[in-house]
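Visitor: Model the following, please.
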Amino acid sequence: MNAKLQWLRNKMSSLDLQGLIISNPINIRYLTNIDAEGTLLLTRKENIYITDGRYIEYVHSILTLFDEIIVYDINDISKDDYENFFLFCENVGFEEYDVSYAKYKEYIRKYRINNLVETEHMIEKQRMIKDEEEISNIKKACEITDNCFSYILTYIKPGMTEKQIANEIEEYYRQRTDGLAFETIVASGENTSKPHAVPTDRVIQKQDIITIDMGCKYQGYCSDMTRTIFVGSVPEYIKPVYDLVLKNQKQTEEQMKDGESTRLLTKMVENDFKLNGYDLIHSLGHGVGMEIHEAPYISYKSDACLKENMVVTNEPGIYLPGKFGIRIEDTVQITKFGCINLTNSEKNYIVIE
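Guide: Alright, predicted model coming up:
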């Protein structure tokens with residue numbers, strides 16, 4: 001049995017779960033590498049994947065004997081089969097955050113379950129710690145993102161629109177990766193004051209400020225990087241804000257390590273921003289993996305601690321409505337004694353002609 005499924009079975013045993021229904025497609029891919037519609041069941045003795053005829057051949061091509069997963073076509077399963085899957089299982093876990101109340105009732109009826117138990121993000125918590133293969137895939141996604149950023153700096157010219165630049169980034173990714181990790185943000189001028197700006201037809205001008213938030217997926221794993229760049233020169237009134245954001249981004253990088261409190265990291269940045277008359281209006285960072293936003297979340301609301309081989313972002317930002325915004329973001333890997341930047345593009349003033 002593959003290591004992730006074996007871990008999950010051991011966890012189930014410790015929680016007195018005799019069965020488990022996994023419906024979240026990201027969790028299924030994490031455990032099995034299967035990227036198709038279906039449901040994964042862990043019963044007393046077997047691992048079962050239920051899908052339909054459209055995906056049977058694909059699923060068989062992904063799985064190996066080592067996975068020890070039996071594949072069922074949903075159209076071949078009888079009422080008795082469903083009722084026997086969890087026979088003699090007192091407690092069966094389910095992913096309550098991904099299941100509607102109607103689906104919850106269907107599970108009880110269809111599988112004849114005595115006690116359906118919430119699992120409280122059990123698999124997502126395990127996903128926070130990346131193994132060697134996962135880190136390798138994220139590193140590759142980040143390397144491609146750095147290369148894309150180097151390319152896009154040579155591409156941007158006054159007269160282009162935000163949409164043109166975003167489309168070029170996305171085309172670069174399409175040719176080299178699984179695609180986008182999230183919708184690319186390209187914001188210029190006053191649009192940079194919106195943290196989640198959507199690219200518009202606004203034309204890039206001389207002496208403009210441009211924020212680019214970009215990321216791709218490689219083998220199912222994400223990258224995330226933001227840089228703020230300038231056309232022609234850096235306006236003097238922007239330099240103090242840029243310097244403050246960069247200082248805090250570097251200080252956070254120095255503090256990120258195994259055991260560090262996500263709340264304290266955030267408070268450190270919030271306090272420095274407030275001393276200078278600004279606010280941190282979004283999280284300082286978030287986990288990165290098969291999803292672009294996953295646990296842990298680095299904010300004042302979080303009481304998590306960073307752990308070795310978590311992959312998270314470090315992204316302080318300051319936004320002045322109607323004027324401009326500055327965000328600098330890297331994807332980093334947490335280690336015992338510090339962190340490793342996985343995105344490595346220039347962060348000091350970036351000026352293009």
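Visitor: From here on, just use CA atoms for contacts and neighbour counts.
Guide: OK.
Visitor: Look at K105 and say how many residues are nearby.
Guide: Neighbourhood size, K105 [other Cα atoms under 10 Å]: 12.
Visitor: no, scratch that, I was asking about I281
Guide: 12.
Visitor: Do you have the helices of the stretch 101-250 of the chain handy? List them.
Guide: Counting by DSSP state H, counting those that start in this stretch, the stretch 101-250 of the chain has helices at residues 101-111, 122-127, 132-155, 162-176, 239-255.
Visitor: between those helices, which one is nearest to K307?
Guide: Checking the helices of the stretch 101-250 of the chain against K307 by Cα to Cα gives helix 122-127 as the closest, at 11.4 Å.
Visitor: Residues contacting stretch 134-144, please?
Guide: Contacts with stretch 134-144, where a contact means Cα atoms under 8 Å, 6 or more residues apart in numbering, come from 173, 176-177, 215-224, 289, 309, 311, 331, 342-343.
Visitor: Can you select the buried ones from the residues you listed in PyMOL?
Guide: Here is the PyMOL selection string for the buried members of the contacts of stretch 134-144, based on 16 or more other Cα atoms under 10 Å:
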select buried, resi 173+177+215+216+217+218+219+220+221+222+223+224+289+309+311+331+342+343
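Visitor: Strands - which of the contacts of stretch 134-144 land there?
Guide: Among these, the ones falling in strands (DSSP state E) are C216, K217, Y218, Y221, C222, V311, T331.
Visitor: Quick check: of these, which lies closest to L42?
Guide: Distances from L42 to those, taken by Cα to Cα, are shortest for Y221, at 25.0 Å.
Visitor: What does the pLDDT read for the closest one?
Guide: According to the prediction, Y221 has pLDDT 98.
Visitor: Now do it against K140, distance only.
Guide: Counting by Cα to Cα, to the nearest Å, the gap from Y221 to K140 is 9 Å.
Visitor: likewise L264?
Guide: Separation of L264 from K140 (Cα to Cα): 30 Å.
Visitor: Those two: who's more crowded?
Guide: Counted by other Cα under 10 Å, L264 and K140 do not tie: K140 has more neighbours, with 22 against 18.
Visitor: From E133, how far out is that one?
Guide: Distance from K140 to E133, by Cα to Cα: 11 Å.
Visitor: in stretch 199-209, what counts as buried?
Guide: Result for stretch 199-209 [16+ other Cα under 10 Å]: buried residues P199, T200, R202, V203, I204, Q205, Q207, D208, I209.
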